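Student: Model the following, please.
(2 chains)
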Amino acid sequence: DVKVTQSSRYLVKRTGEKVFLECVQDMDHENMFWYRQDPGLGLRLIYFSYDVKMKEKGDIPEGYSVSREKKERFSLILESASTNQTSMYLCASSRQGFYGYTFGSGTRLTVV
Amino acid sequence: DQQVKQNSPSLSVQEGRISILNCDYTNSMFDYFLWYKKYPAEGPTFLISISSIKDKNEDGRFTVFLNKSAKHLSLHIVPSQPGDSAVYFCAASAAGNQFYFGTGTSLTVIP
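Tutor: The predicted structure is shown next:
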């Protein structure tokens, strides 16, 4: 069964902490994405990557960075967590051509 | 600016009846559309897709209709079942680029 795995289902972090959200896919997909889901705002793209070591800003990159050192792994980094980054974070992957994404189960991050 | 809009945040339907979820988009370059279903505390799962060369695609109880002139698509679920209760997102892309998602519609199917 093909999968996108996010390392944590729930996280609680303090304001100002550096936070790492990890995502691994086993489908040899070229493309990987980080979204956040907030009530009334839907899914908003933070960053995406077409290939190893490549990254592109999405619609809301401020306060975030990403790392993709290996094809299967895409990390989202909150350099200094703030309360407005409390959200559900979803990782997704797809093969070239964007014929649909496979999503992970999500990480519910709470920043206190 | 939201390029894909789902104007109904929620919808309630009796079991066995039809559920119709609507989605509007503004970018005429969008040529591929998806519907995803999301349960609480889970990631979205792919439901059905349609490309702009078609105006209808059917998969079991699920049918997606595309009206390009109106920039509108809809998802029909017939008959609706309690297990269909979830949040539904539509998404659109242009020429193989990133997908833009709507804000979601929460469907409740009442037994």
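Student: what's the helix or strand containing A:V24 packed up against?
Tutor: Under DSSP states H and E, the secondary-structure element containing A:V24 is strand A:19-25. Secondary-structure packing of strand A:19-25 (3 or more Cβ pairs under 8 Å, 6 or more residues apart in numbering or on different chains; DSSP states H and E): strand A:4-6, strand A:10-13, strand A:31-38, strand A:73-78, strand A:87-94, strand A:107-111. The C-beta positions use only the backbone N, C-alpha and C, and glycine is treated the same way.
Student: average model confidence for stretch B:18-35?
Tutor: The pLDDT scores in stretch B:18-35 average 95.
Student: What are the buried residues along it?
Tutor: For stretch B:18-35, burial by neighbour count (16 or more other Cβ atoms under 10 Å in any protein chain shown) applies to B:19-25, B:30-35.
Student: and the nearest residue to A:G42 once chain neighbours are set aside, how many residues sit next to it?
Tutor: Distance criterion Cβ to Cβ, 6 or more residues apart in numbering or on different chains; nearest residue to A:G42, sequence neighbours excluded, is B:T103 at 3.7 Å. The burial count assigned to B:T103 is 23, neighbours taken as other Cβ atoms under 10 Å in any protein chain shown.
Student: do B:G43 as well
Tutor: When neighbours are counted by other Cβ under 10 Å, B:G43 comes out with 22.
Student: Surely it and A:T5 touch.
Tutor: No - B:G43 lies out of contact with A:T5 (Cβ atoms under 8 Å); the separation is 10.4 Å.
Student: what touches both of the two?
Tutor: The contact sets of B:G43 and A:T5 overlap at A:104-105 (Cβ atoms under 8 Å, 6 or more residues apart in numbering or on different chains).
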